[in-house]
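S.K.: quick one, what's the 3D model for this:
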Amino acid sequence: MATDLGELQNKLWEAADQLRANSGLKASEYASPVLGLIFLRYADERFAQAAEVVGSGSERRPIGPEDYQAAGALYLPEESRFEGLLDLPEGADVGRAVNQAMAGIEACNPDLQGVLPKDYSRIPDDILGELLRLLSRLPEAIEGDGFGLIYEYFLGQFAFSEGQKGGEFFTPTSIVRLIVEILEPFHGKIYDPACGSGGMFIQSAHFVERHRSDPSRELSVYGQEKTGDTVKLAKMNLAAHGLAGDIKEGNTYYEDLHDAVGEFDFVMANPPFNVNKIDKAKLEDDPRFPFGLPKPDNGNYLWIQTFYSALNRNGRAGFVMANSASDARGSELEIRRKLIEDRSVDVIIAVGTNMFYTVTLPVTLWFLDRGKKYTDQADQVLFIDAREIYNPIDRAHRDWTPQQIEFLANIVRLWRGGEPEFDAGSREMLSDRFSEGSYSDVAGLCAVATVEQIEGQDWSLNPGRYVGLASHGVDDIEFFATMELLEEQFATLTAEATALSDFVQTKIDRVLRQ
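M.R.: Numbering: from 1, shown residues only. Below you'll find the model as predicted:
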């Protein structure tokens with residue numbers, strides 16, 4: 001009888017979380033080895049499936065790693081097979097055996113050289129054994145992309161348990177899925193200059209698979225990330241899903257390791273917000289910033305231009321951005337004006353609070369389209385207010401259901417004149433608001449504004465200024481915008497107060513233990 005995926009995920013997390021109590025390791029320290037075990041099990045399952053396809057070969061033509069790679073799987077040598085780890089005798093050094101299994105995979109798959117964790121000797125053998133036994137049940141317990149879902153689940157759990165440190169490498173799946181559904185990356189080169197664990201690439205691959213194509217043939221992925229450990233995590237995540245990508249380690253503010261300007265069909269990212277102390281003297285005459293360098297000590301408009309400039313003539317970008325960027329003044333307003341006048345701003349979506357593991361702040365999703373200027377929608381921008389659309393996870397966390405994601409993406413499809421999709425069951429949600437089956441403004445949900453109207457709003461990209469126009473006066477709109485800014489400031493202060501409280505409590509606990 002199949003096991004419920006949620007139940008299995010919880011059991012796996014409970015076993016992994018024993019490391020916190022029994023080894024003294026923090027979540028940030030055991031994230032990599034635990035994800036490595038899940039990766040190993042996932043790779044073993046794909047290897048077994050591929051073995052049925054590639055066959056046993058012959059004396060003249062033996063089967064090699066390239067045959068498994070062609071079948072979308074990593075080649076695993078004998079010492080890296082999961083069954084061998086399960087069958088270790090009583091008293092065996094489990095940590096050493098897992099280290100050897102990881103080294104064996106790297107030896108046969110050069111793209112993973114130096115990527116996989118090999119520090120299992122510091123983890124108690126009984127906990128390693130328990131995790132291996134739980135993971136061994138996966139083939140009979142789940143169907144479809146169950147391994148990928150568990151990998152995703154663990155990334156989220158590490159982000160949740162470790163706060164900001166964990167969240168640096170993980171963007172909630174529902175946010176990523178909406179970005180992908182709106183960009184529709186059916187084919188081409190994808191770039192994420194702040195790629196974290198590679199979630200944008202994985203969801204792009206799932207999108208292609210759902211539309212019955214092979215992502216390894218249709219997509220080429222390129223990423224950059226400043227932290228070496230996170231680069232390894234991204235490469236491991238890609239390999240676990242049967243994908244290959246060019247992920248480089250470097251600081252995107254100062255290094256363009258992929259020579260990205262004008263090169264990509266799609267750009268997707270969740271960059272760090274409001275970063276200061278960037279040395280702008282190093283960025284003078286950098287072609288990635290065609291609209292100029294912002295004067296405030298804030299990196300948001302550096303990221304926005306990085307995404308814009310990486311697109312080719314018809315490229316599309318989707319990214320997460322701080323709400324404050326939508327109404328920023330001074331030199332940032334001038335950059336925003338130039339971007340809007342270029343007719344490249346396509347869709348702006350307001351997202352409510354508590355959608356991220358690490359911050360409570362509301363955010364905004366920006367979508368750019370360099371090719372829109374050649375269409376009859378060149379002079380328009382679609383604004384969506386999705387702040388009241390969410391699925392409560394618990395008191396402090398929310399996400400979107402597949403139905404809600406599909407509904408929001410279908411609004412964009414209708415506006416573009418495309419066909420909506422209903423695989424996730426959003427037909428009723430869509431027909432309730434768009435009874436004619438075509439796009440029209442819906443007060444409080446969506447509205448289309450022209451460049452002239454946006455200029456009249458002082459080049460603001462705040463959806464509340466446009467979505468509410470049908471039912472509110474100008475004074476109400478100004479009040480709404482002011483309240484939204486105050487809400488963001490309050491959420492920031494609340495998050496800082498919570499972090500300070502946690503820090504003080506940690507110090508108190510440490511003193512009491514002495």
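S.K.: CA only for contacts and neighbour counts going forward, please
M.R.: Will do.
S.K.: do you know how far residue 305 is from residue 178?
M.R.: As judged by Cα to Cα, to the nearest Å, residue 305 and residue 178 stand 22 Å apart.
S.K.: and residue 376, that one's in a strand?
M.R.: No: applying DSSP: H, G, I helix; E, B strand; the rest coil, one finds residue 376 to be coil, outside a strand.
S.K.: what's around residue 277, how many residues?
M.R.: 8 (other Cα atoms under 10 Å).
S.K.: which residues touch it?
M.R.: Applying Cα atoms under 8 Å, 6 or more residues apart in numbering to residue 277 gives the contacts 297-298.
S.K.: sec struct for it, please.
M.R.: Assigned by three-state DSSP, the conformation of residue 277 is coil.
S.K.: could you list the low-confidence segments of the stretch 1-150 of the chain?
M.R.: Filtered on pLDDT under 70, the stretch 1-150 of the chain yields the residue ranges 1-6, 8, 19-29, 57-61, 138-150.
S.K.: would you map the strands across it?
M.R.: Counting by DSSP state E, counting those that start in this stretch, one finds no strands in the stretch 1-150 of the chain.
S.K.: for it, what spans make up the helices?
M.R.: Remark: helices assigned in the stretch 1-150 of the chain by DSSP state H, counting those that start in this stretch are 5-22, 27-54, 65-70, 82-86, 94-108, 125-136, 138-141, 146-162.
S.K.: could I get those helices as CSV with mean neighbour count and distance to residue 319?
M.R.: Formatted as CSV, the helices of the stretch 1-150 of the chain follow (neighbours: other Cα atoms under 10 Å; distance: least, Cα to Cα, whole Å):
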stretch, mean neighbour count, distance to residue 319
helix 5-22, 15, 29
helix 27-54, 19, 26
helix 65-70, 16, 31
helix 82-86, 16, 38
helix 94-108, 20, 33
helix 125-136, 17, 34
helix 138-141, 15, 34
helix 146-162, 20, 19
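S.K.: so which of the ones you listed gets nearest residue 449?
M.R.: Evaluated over the helices of the stretch 1-150 of the chain, closeness to residue 449 peaks at helix 146-162, with 36.2 Å, by Cα to Cα.
S.K.: hey, C-alpha coordinates of stretch 63-77 in PDB?
M.R.: What follows is the C-alpha trace of stretch 63-77 in PDB, where atoms were taken according to Å, rounded to 0.1, in the frame of the first residue of the first chain:
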ATOM      1  CA  ILE A  63      27.700   0.100 -21.800                       C
ATOM      2  CA  GLY A  64      29.300   3.200 -20.300                       C
ATOM      3  CA  PRO A  65      28.400   6.500 -18.500                       C
ATOM      4  CA  GLU A  66      27.500   8.200 -21.700                       C
ATOM      5  CA  ASP A  67      24.700   5.700 -22.400                       C
ATOM      6  CA  TYR A  68      23.100   6.500 -19.000                       C
ATOM      7  CA  GLN A  69      23.500  10.200 -19.600                       C
ATOM      8  CA  ALA A  70      21.700   9.900 -22.900                       C
ATOM      9  CA  ALA A  71      18.900   8.200 -21.000                       C
ATOM     10  CA  GLY A  72      18.700  11.100 -18.500                       C
ATOM     11  CA  ALA A  73      20.500   9.400 -15.700                       C
ATOM     12  CA  LEU A  74      23.800   9.500 -13.900                       C
ATOM     13  CA  TYR A  75      26.000   6.500 -14.200                       C
ATOM     14  CA  LEU A  76      26.600   4.800 -10.800                       C
ATOM     15  CA  PRO A  77      29.500   2.500 -10.200                       C
END
